[in-house]
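**Q** Quick one: sequence and predicted model below, then my questions.
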Amino acid sequence: MQPDSAPYQVGELLTVERLEAVAHGRARVTGPTPATLARTEAGRRVLERHLAEAGTVYGVTTGFGDSCETPVAGALTRDLPRNLVRFHGCGVGSLFGRVEARAILTARLASLAAGYSAVRPSLFTSLMSLLERDIVPAIPTLGSVGASGDLTPLSYVAAVLAGEREVLSDSGTMPARLVLEDSGLVPFELEPKESLSLMNGTSAMAGLAGLALPRALRLARWSAALSAAASDVMRGQPGHFDARLFAAKPHPGQARVAEWMRSDLEFDRPRALPRARLQDRYSLRCAPHVIGVLLDLFPTLLSMVEVELNSASDNPLADGESDAILHGGHFYGGHVCAAMDTLKTQIANLIDLMDRQLLLLCQPAENGGLPANLVGASAEVRAAHHGFKAMQITTSALAAEAAKLTMPASVFSRSTESHNQDKVSMGTIAARDALAILDLGETTAAIVTLAIAQAVDLRDGECHLRARALRDSVRAVSPFVSADRALDTDIGAVVELWRSGRLDAGAVEIAAFRR
């Protein structure tokens, strides 16, 4: 991977933009900052003093979880860190992809950099080496309840550092010890508290959430572009997006979507095109109101996730300023869970909106005179062709899949681990659901984009800025549908076009939504 973004220095604020850049290999990780080193060393000294004075420290001189009343002394304190990693090696399901696993690694680095985790600074170097060499732990997707943090998924990070378990490879997975040796790295010897510091935190869910938010914002812009283009090709009423309307109900996100749509429709340069209806169906007229909810929530969701990314989320914490070991519950991922439960509902609403818009596009009674199902065949053979009819079935299926995943994960808290973890966040499940719904949303948007491109060509290009730009982008990978054909590869090609940044749906900057 060739970085093309500014590096992230461990100890600096980890924004979701930086997280995404590191996860995709577009940015290197450097550091840590001098302040991070100083706080980390002070925290380690606090732990060492407490141990020298025979103090009781959870997970260092005691067992874990419900076994916190079991004392551990002498040589056994050296076995404890290794055993914590090993007995949590019970993750199941498919593996996180390379991007997701790198995001998890980066999130854990940022949390440890808060300086309260009582680790040695050499742990930063070892984690950074994994990212620098793209040695990515093979982390199962299932097995975390989100408190005590992401113990099981993060155990795979700790295990790989120690030369155990497996890492991702082009052909599947490979033993971590062999890959470390080939890279000239020595397995990290985990000392007291260090495996707990690595594992007992919210960095799996926070890393995934940090990937979800930028994708969600970009999808909102894509949905706005599609809404404008759908209004355009169906000869809808651009007046529905007049700035005066949105001054009367001034939700900022809603107004921003209307502004995007006015720009996409070249609102200040109106054309004398026939209009199909006095008032358009709600999926066109109310598009700013649907998409705008996500934009108005976004600053809060962004703040919640970025606070989590940059916070100490393990237990106990070592405070160098007060020379204290602080036992608490920062491993609870409730904020991330709430953010992702909220986000996935909003994305599902975008999918539902786009599904409704495709239905309108395919109906002659609604689409301003376009052919039924956007059939592009010539008149003499048109009756034998069905165009985008089945594409409606696919988007409806995707909308149903998304709706099914919107059930809030947090309400499924289960008492587990001998009733020690008797209230848990389920934040990692919510973050995985959000990413799954985003996949569905991007696929739905790709299908509607194909339909828009078809409609623009059926209108002989007599459309405004955004509709033509979408058509031009699509035609690089998918020709006009002049006769019925399988469109599954076309859908996949447009999704890839989007994810590679080659689909022109308008720009949006996360920084504009940061408080």
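**A** Done, it's in.
**Q** quick one: low-confidence ranges for this structure?
**A** Applying pLDDT under 70 to the chain flags residues 1-3, 271-273, 275-276.
**Q** For the residue positioned nearest the centre of the chain, identify the helix or strand it belongs to.
**A** What sits nearest the mean C-alpha location of the chain, by C-alpha atoms, centre = their mean, is A212, with 1.6 Å. Following DSSP states H and E, one finds A212 within helix 203-233.
**Q** chain center to that helix, what's the gap?
**A** Chain-centre distance of helix 203-233: 10 Å, with C-alpha atoms, centre = their mean, to the nearest Å.
**Q** Please apply the same query to stretch 355-372.
**A** Distance of stretch 355-372 from its chain centroid, counting by C-alpha atoms, centre = their mean, is 32 Å.
**Q** hmm, who's touching that stretch?
**A** Here stretch 355-372 makes contact (C-beta atoms under 8 Å, 6 or more residues apart in numbering) with 226-227, 230, 233-236, 274, 276, 281-284, 373-374, 382, 387-389, 391-392, 395-396, 398-399, 444, 447-448, 451-452, 455, 458-459. (C-beta placed from N, C-alpha, C; glycine too.)
**Q** Buried members of these into PyMOL, please.
**A** Filtering the contacts of stretch 355-372 down to the buried ones (16 or more other C-beta atoms under 10 Å) takes a single PyMOL command:
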select buried, resi 226+227+230+233+234+235+236+283+284+373+374+387+388+391+392+395+396+398+399+444+447+448+451+452+455+458+459
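**Q** how much space between the closest residue to A455 other than its chain neighbours and A397?
**A** With C-beta to C-beta, 6 or more residues apart in numbering as the criterion, A455 has its nearest non-adjacent residue at 3.9 Å, and that residue is V233. Distance, V233 to A397, by C-beta to C-beta, to the nearest Å: 24 Å.
**Q** now G253
**A** 29 Å.
**Q** Neighbour count for those two, which is higher?
**A** Neighbours were counted for G253 and for A397 using other C-beta atoms under 10 Å; G253 has more, 20 against 13.
**Q** close enough to count as contact, that one and V290?
**A** No. G253 lies out of contact with V290 (C-beta atoms under 8 Å); the separation is 10.7 Å.
**Q** can you pull the contacts of the residue nearest to A455?
**A** L361, N367, G368, L370, I452, A455, V456, L458, R459, C463, A467.
**Q** Now with 6 Å, please.
**A** V233 makes contacts with A455, R459, C463, A467, as judged by C-beta atoms under 6 Å, 6 or more residues apart in numbering.
**Q** In helices, which of the residues you listed fall?
**A** A455, A467 (DSSP state H).
**Q** Distance to L185 for the contacts of V233 - can I get that in a markdown table?
**A** Shown next, in a markdown table, are those (distance: C-beta to C-beta, whole Å):
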| residue | distance to L185 |
| --- | --- |
| A455 | 55 |
| R459 | 59 |
| C463 | 56 |
| A467 | 52 |
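**Q** Which of the contacts of V233 lies at the shortest distance from E12?
**A** A467 (41.5 Å; C-beta to C-beta).
**Q** out of everything not next to it in sequence, what's closest to A324?
**A** V46 (7.1 Å).
**Q** What of D323?
**A** Per C-beta to C-beta, 6+ apart, closest to D323 is V46, 5.6 Å.
**Q** Who are the contact partners of the one you found?
**A** A318, G320, D323.
**Q** from those residues, which single one is nearest Q9?
**A** G320 (20.6 Å).
**Q** who are the neighbours in contact with the closest one?
**A** A42, G43, V46.
**Q** Determine the three-state secondary structure at the residue of the chain most remote from its centre.
**A** For the chain, the residue at maximal distance from the C-alpha centroid (C-alpha atoms, centre = their mean) is E380, at 48.1 Å. Put simply, E380 is coil when judged by DSSP: H, G, I helix; E, B strand; the rest coil.
**Q** Assess the claim that R285 and H240 are in contact.
**A** Yes. Contact criterion C-beta atoms under 6 Å: R285 and H240 qualify, at 4.6 Å.
**Q** tally of neighbours for P187?
**A** Look at P187: counted by other C-beta under 10 Å, it has 16 neighbours.
**Q** check contacts around the closest residue to it other than its chain neighbours.
**A** Distances taken as C-beta to C-beta, 6+ apart place G163 nearest to P187, at 3.0 Å, with adjacent residues excluded. Counting by C-beta under 6 Å, 6+ apart, G163 touches A176, R177, L180, P187.
**Q** Inside helices: which ones of the residues you listed?
**A** Using DSSP H, the contacts of G163 in helices are A176, R177, L180.
**Q** Sort out which one of the residues you listed lies nearest L503 for me.
**A** A176 (37.6 Å).
**Q** coming back round to it: tabulate the ones in helices among the contacts of G163 in TSV, adding columns for neighbour count and distance to G506.
**A** Below are the ones in helices among the contacts of G163 laid out as TSV (neighbours: other C-beta atoms under 10 Å; distance: C-beta to C-beta, whole Å):
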residue	neighbour count	distance to G506
A176	24	43
R177	17	48
L180	23	44
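**Q** Against L360, how distant is the residue nearest to A455?
**A** 10 Å.
**Q** same question, T152
**A** 46 Å.
**Q** can you tell me which of the contacts of stretch 355-372 are in helices?
**A** 226-227, 230, 233, 282-284, 389, 391-392, 395-396, 398-399, 444, 447-448, 451-452, 455, 458.
**Q** where along the stretch 401-515 of the chain do the helices fall?
**A** 427-458, 465-474, 488-499 (DSSP state H, counting those that start in this stretch).
**Q** for the longest one, which positions count as buried?
**A** Neighbour-count burial for helix 427-458 flags 427-438, 440-458 (criterion: 16+ other C-beta under 10 Å).
**Q** For it, name the packing helices and strands.
**A** helix 203-233, helix 334-362, helix 389-404, helix 465-474, helix 488-499 (3 or more C-beta pairs under 6 Å, 6 or more residues apart in numbering; DSSP states H and E).
**Q** can you redo those as a markdown table with distance to Y8?
**A** Formatted as a markdown table, these follow (distance: least, C-beta to C-beta, whole Å):
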| stretch | distance to Y8 |
| --- | --- |
| helix 203-233 | 12 |
| helix 334-362 | 20 |
| helix 389-404 | 32 |
| helix 465-474 | 31 |
| helix 488-499 | 22 |
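**Q** right, so those: which one is the most enclosed?
**A** helix 203-233 (a mean of 28; mean count of other C-beta atoms under 10 Å).
**Q** Give the next helix or strand downstream of that one.
**A** By DSSP H and E, the next helix or strand past helix 203-233 is helix 243-247.
**Q** Show me how far that next one is from its chain's centre.
**A** So, by C-alpha atoms, centre = their mean, the centroid of helix 243-247 is 32 Å from its chain's centroid.
**Q** Number of residues surrounding the residue nearest to A204 when sequence neighbours are not counted?
**A** With C-beta to C-beta, 6+ apart as the criterion, A204 has its nearest non-adjacent residue at 3.5 Å, and that residue is D150. As a burial measure, D150 scores 34 neighbours (other C-beta under 10 Å).
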